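Chemist: Everything below, folded, please.
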Amino acid sequence: MSANLSVAAYTYEHTQALFDGRVRIDGVDAAFETASLVSDIFRRTIEGRYDIAELGLTYFLRTFDLDDAPFLALPIFPNRNFRHSAVFVNTAAGIEKPQDLAGKTIGEFALFGHDAGVWPKGILSDEYGVTVQQCRWVIGGTNHPIPAFDWIPQPLPARLDVRHASEHETLAAMLESGQIDALISVDVPQPLLNGSPKVARLFPDYEAVERDYYQRTGIFPPMHIVAVRKELAGQTDLLRSVYRAFVEAKDQAELRYLNDAPKQHMSLVTPWFSSLFEANRRLLGEDWWPYGLGANRKAVDTFLRYHYEQGLSRRPLTSRDIFVPEFLDT
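Modeler: Take a look at the predicted model:
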């Protein structure tokens, strides 16, 4: 008899096969749900709507400070991105190098310590000596005003200067006007997309910087995991079926690009994609989007350290604390 499960994830190309039925979860009658904003999936997951769901790493980790943490994770990483490209500056703020961020007022998207913020702030500390305590912080929406995310714990380091933007302010406009000196955001500020000379990236050649970062560290930063409710954690066979299905859906997406390579990816509209594809395979390997803890342990351990150092976890967490035990050897 099939188990009935509610499952939620964003419809990436590497999860699409789960939604359209090309990949099924063995032994599970799964009702899949998505949302136009991935943060809506996070909120609904925290509110208890799903059995299994994609959840941002920081949103997931913050639940471990609750009296009864409701989730454990499967080592499935549906969203990952290099994040040197997530730091933007006002061109009149005197920020020529990362170290110049010290003492500045920095905007951050959605909450202090969103997933795309934890990574660059950790890197700024490790590699450039700039800590979160050295800056002032303004939280808000990048291109659209957003209210505070009151559905998730909001820990802050002691003696940190943090405020939320007003209900009519956007961080993009504040950056362009000089009200804030810099911005860390998953969303690209619209003035930059519009060609404003007042907004630039901290790392103009971010691709080269991010490729160098991967070559030195081996880290392709994960942003999200797949969370399961703790009451399901003991159902190993069921969870292995879930894990296999997510892996198969991802493998199908990768296989499409591999199979299109002999035809120079003529099915795609992006010019010179084949050159990019070849360069990525040389750097990232044949499975450039790996699941399982073995291939991601260093990245996960680094994020856990950053989360604690930035005051977002009360205690240092380890992989053994957060993953379903039977998946620690994946």
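
Chemist: What ranges does the stretch 201-330 of the chain have for its strands?
Modeler: Using DSSP state E, counting those that start in this stretch, the strands of the stretch 201-330 of the chain run over residues 224-229.

Chemist: Could you verify that Ala173 is part of a strand?
Modeler: No - under DSSP: H, G, I helix; E, B strand; the rest coil, Ala173 sits outside any strand and is assigned helix.

Chemist: State the number of residues packed around it.
Modeler: 18 (other C-beta atoms under 10 Å). Glycine gets a C-beta too; all of them are placed from N, C-alpha and C.

Chemist: Kindly report the same for the one 4 residues further on.
Modeler: A total of 11 residues lie near Ser177 under the criterion other C-beta under 10 Å.

Chemist: and it, what is it in contact with?
Modeler: Ser177 sits next to Lys198 when contact means C-beta atoms under 8 Å, 6 or more residues apart in numbering.

Chemist: Check the one 5 residues further on too.
Modeler: For Ala182, the contact set (C-beta under 8 Å, 6+ apart) comprises 87-90, 93, 95, 101, 104-107, 175, 202.

Chemist: Restricting to C-alpha, output stretch 150-169 in PDB.
Modeler: In PDB, the C-alpha atoms belonging to stretch 150-169 read as follows (Å, rounded to 0.1, in the frame of the first residue of the first chain):
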ATOM      1  CA  ASP A 150       7.700  36.900  11.500                       C
ATOM      2  CA  TRP A 151       7.100  33.200  10.800                       C
ATOM      3  CA  ILE A 152      10.700  32.200  11.500                       C
ATOM      4  CA  PRO A 153      13.000  32.900  14.500                       C
ATOM      5  CA  GLN A 154      15.200  36.000  14.000                       C
ATOM      6  CA  PRO A 155      18.300  35.600  16.100                       C
ATOM      7  CA  LEU A 156      20.800  38.400  16.100                       C
ATOM      8  CA  PRO A 157      24.400  38.600  17.400                       C
ATOM      9  CA  ALA A 158      24.800  40.800  20.500                       C
ATOM     10  CA  ARG A 159      25.500  44.500  20.000                       C
ATOM     11  CA  LEU A 160      24.700  44.400  16.300                       C
ATOM     12  CA  ASP A 161      23.100  47.500  14.700                       C
ATOM     13  CA  VAL A 162      20.200  46.100  12.700                       C
ATOM     14  CA  ARG A 163      16.900  47.700  11.600                       C
ATOM     15  CA  HIS A 164      14.200  46.900   9.100                       C
ATOM     16  CA  ALA A 165      13.500  49.200   6.100                       C
ATOM     17  CA  SER A 166      10.200  51.000   6.300                       C
ATOM     18  CA  GLU A 167       7.100  49.500   4.600                       C
ATOM     19  CA  HIS A 168       7.600  51.800   1.500                       C
ATOM     20  CA  GLU A 169      11.400  51.500   1.100                       C
END
